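Asks: next come a sequence and a model predicted from it.
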Amino acid sequence: GQDPATTHTPDDSASTRGFRGLVWANDQSTKHFLEESSKLRKSPTPSLLVTVGNGFKFPCLFTKERQLLFDSVFCHAPSTADGELRDKAHRWTEWSMNGYLEWHTHQVKLLQRALHFLKVEGQLCYSTSSLNPLENEAVV
């Protein structure tokens, strides 16, 4: 499963040209992270920090004066992944309405945590692999 604080660079490496800053990528699942890490290696980012851990326990970073905050945060939250049903038909047998309700609370907490790392007037991109508004619009 995906970690609440997963941070990835975009699939299209051209979109990161001229990027000057730090990309911090985190995933709770080592297996998932290894699958996605090839995208990170192709990205022309000058500074890349890679961690594996629980996004809810993602540490705050501080300088001597203040907490370090990010200009942009990309939060790909875990979900029921019903948006992948076309490619993963076996998920139809696992689907239930309870899944949406369980993930919604988790996703709201994750989004709040992601916002904790964002500078004022920064940009946050929230995504899931779900098509359900309860896991998307209702979270935001």
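Replies: Ah, there it is.
Asks: now do the strands in the chain.
Replies: 22-27, 47-52, 70-76, 118-127 (DSSP state E).
Asks: nearest to Val108, out of these?
Replies: With distances scored as CB to CB, the stretch of the strands of the chain nearest to Val108 is strand 118-127 (10.6 Å). Where you see a C-beta, it was placed from the backbone N, CA and C, and this is true even at glycine.
Asks: so what are the sheet partners of that closest one and their directions?
Replies: strand 70-76 (parallel) (DSSP bridges).
Asks: list the buried ones in the strand it pairs with?
Replies: 70, 73-76 (16 or more other CB atoms under 10 Å).
Asks: repeat that for stretch 77-91.
Replies: Under 16+ other CB under 10 Å, the buried positions of stretch 77-91 are 77-83.
Asks: poorly predicted segments of this structure, please.
Replies: Under the criterion pLDDT under 70, the flagged ranges of the chain are 1-21, 38, 40, 43-46.
Asks: in the protein, where's the longest helix?
Replies: Looking across the chain with DSSP state H, the single longest helix is helix 97-116.
Asks: tell me the buried residues in that one?
Replies: Those would be 99-100, 103-104, 106-107, 110-111, 113-114, for helix 97-116 by 16+ other CB under 10 Å.
Asks: which one of those is nearest Lys39?
Replies: Ala114 (19.6 Å).
Asks: distance of the residue nearest to the closest one when sequence neighbours are not counted from His106?
Replies: Distance criterion CB to CB, 6 or more residues apart in numbering; nearest residue to Ala114, sequence neighbours excluded, is Cys75 at 4.1 Å. Taking CB to CB, to the nearest Å as the measure, Cys75 falls 12 Å from His106.
Asks: also Val73?
Replies: 17 Å.
Asks: circling back to that earlier point, show me which pair in the buried residues of stretch 77-91 is furthest apart.
Replies: Ala77 and Asp82 (13.6 Å).
Asks: now render the buried residues of strand 70-76 as TSV, adding distance to Glu36.
Replies: Formatted as TSV, those follow (distance: CB to CB, whole Å):
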residue	distance to Glu36
Phe70	19
Val73	17
Phe74	12
Cys75	14
His76	9
